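1. Need coordinates for the following:
(one chain, ligands or ions: 1)
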Amino acid sequence: MLQELENLESQFGPLDPEQKSKLNEAHKLVAQRQYQVAANIFSDLASEMEDANHNHQAATFHCQAAYAYADCHFEEAALSHARTALILFMQSHLKKQAKNFYLNITQILTNRDMKVAMEAIQKEFGAKLDVVQADLNEYLVARNVHLLDTCPKCGALINSTEVHWIDDNTAECNYCGAQLRDDSDNASA
Ligand SMILES: [Zn+2]
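-> You can find the predicted model right below:
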């Protein structure tokens, strides 16, 4: 029971009902590939969380805004939100989250050919987060797993080279954090 409450708390954090409905709307827009409108909502939610001093939640929304701006090829905005997310994670002493996001956004910016943003992020944060080239190479290696095409929770498109990997078989949706497992067992059954 306690565990369930903690999960609920971590899922919704400090959001009020209006903010929760905005978040649901953003997830729907992502599922419909309306990335720019979704990105604007994530960006608003991030500012509201920053104003309320909920820096961890703000960082999470800045990450989602960065992914969504990258997905609609708005490089400057993707860079700006990625940078703010990393600064907030580091200010909150969430170095592991910062490093995970760094690896993920680096891959996404690389895939989108957003070199300016990628190089800026690497230059500003690579050393601070102790990310060495070997970490990056290891992270970028193609994984031989099969994930569902869309997130079962929010409907976002899933690309197995662009999700945050928790372990060898489990990844997290970039937009809602739902855990995605290798479904090759189901596929072959
Ligand atoms: Zn999702």
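2. Would you check that Ile108 makes contact with Ala68?
-> No: with contacts counted by CB atoms under 8 Å, Ile108 stays clear of Ala68, the gap being 10.7 Å. Just so you know, the C-beta spots here come from the backbone N, C-alpha and C atoms, and that holds for glycine as well.
3. Can you identify the element that follows the least confident helix or strand in the chain by mean pLDDT toward the C-terminus?
-> The least trusted helix or strand in the chain, going by mean pLDDT, DSSP states H and E, turns out to be helix 2-12, with a mean of 50. Where DSSP states H and E defines the elements, the next helix or strand beyond helix 2-12 is helix 17-31.
4. Distance from that next one to the middle of the chain?
-> 15 Å (CA atoms, centre = their mean, to the nearest Å).
5. Run through the neighbouring helices and strands of it.
-> On a contact count with 3 or more CB pairs under 8 Å, 6 or more residues apart in numbering; DSSP states H and E, helix 17-31 meets helix 35-51, helix 55-71.
6. And the first one, what does it pack against?
-> It stands for helix 35-51. Against helix 35-51 (3+ CB pairs under 8 Å, 6+ apart) you get helix 17-31, helix 55-71, helix 75-91.
7. got a markdown table for these, with distance to the ion too?
-> Converted to a markdown table, the helices and strands packed on helix 35-51 look like this (distance: least, CB to the ion, whole Å):
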| stretch | distance to the ion |
| --- | --- |
| helix 17-31 | 7 |
| helix 55-71 | 10 |
| helix 75-91 | 17 |
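8. deepest of these, which one?
-> Highest mean neighbour count among the helices and strands packed on helix 35-51 (mean count of other CB atoms under 10 Å): helix 55-71, with a mean of 26.
9. can you give me the mean pLDDT across it?
-> For helix 55-71, mean pLDDT rounds to 97.
10. what angle sits between it and helix 75-91?
-> 160 degrees (axes from the mean of the first three to the mean of the last three CA atoms, to 10 degrees).
11. does Leu180 sit in a helix or strand, and which one?
-> Going by DSSP H and E, Leu180 is in strand 179-181.
12. Partner strands of that strand, with direction?
-> Take DSSP bridges as the rule and strand 179-181 pairs in its sheet with strand 170-172 (antiparallel).
13. ok, and what's touching the strand it pairs with?
-> 147, 158, 160, 163-166, 178-182 (CB atoms under 8 Å, 6 or more residues apart in numbering).
14. In PyMOL, how would I select the buried members of these?
-> A single PyMOL command selects the buried members of those (16 or more other CB atoms under 10 Å):
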select buried, resi 147+158+160+163+164+165+180+181+182
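15. Contacting the ion as well, which ones from the contacts of strand 170-172?
-> Ala178 (CB under 5 Å from the ion).
16. quick one: Ile108 and Gly177, what's the gap?
-> 16 Å (CB to CB, to the nearest Å).
17. Leaving out the residues flanking it, which one is nearest to Asn100?
-> What sits nearest to Asn100 in space, not counting adjacent residues and going by CB to CB, 6 or more residues apart in numbering, is His164, at 5.5 Å.
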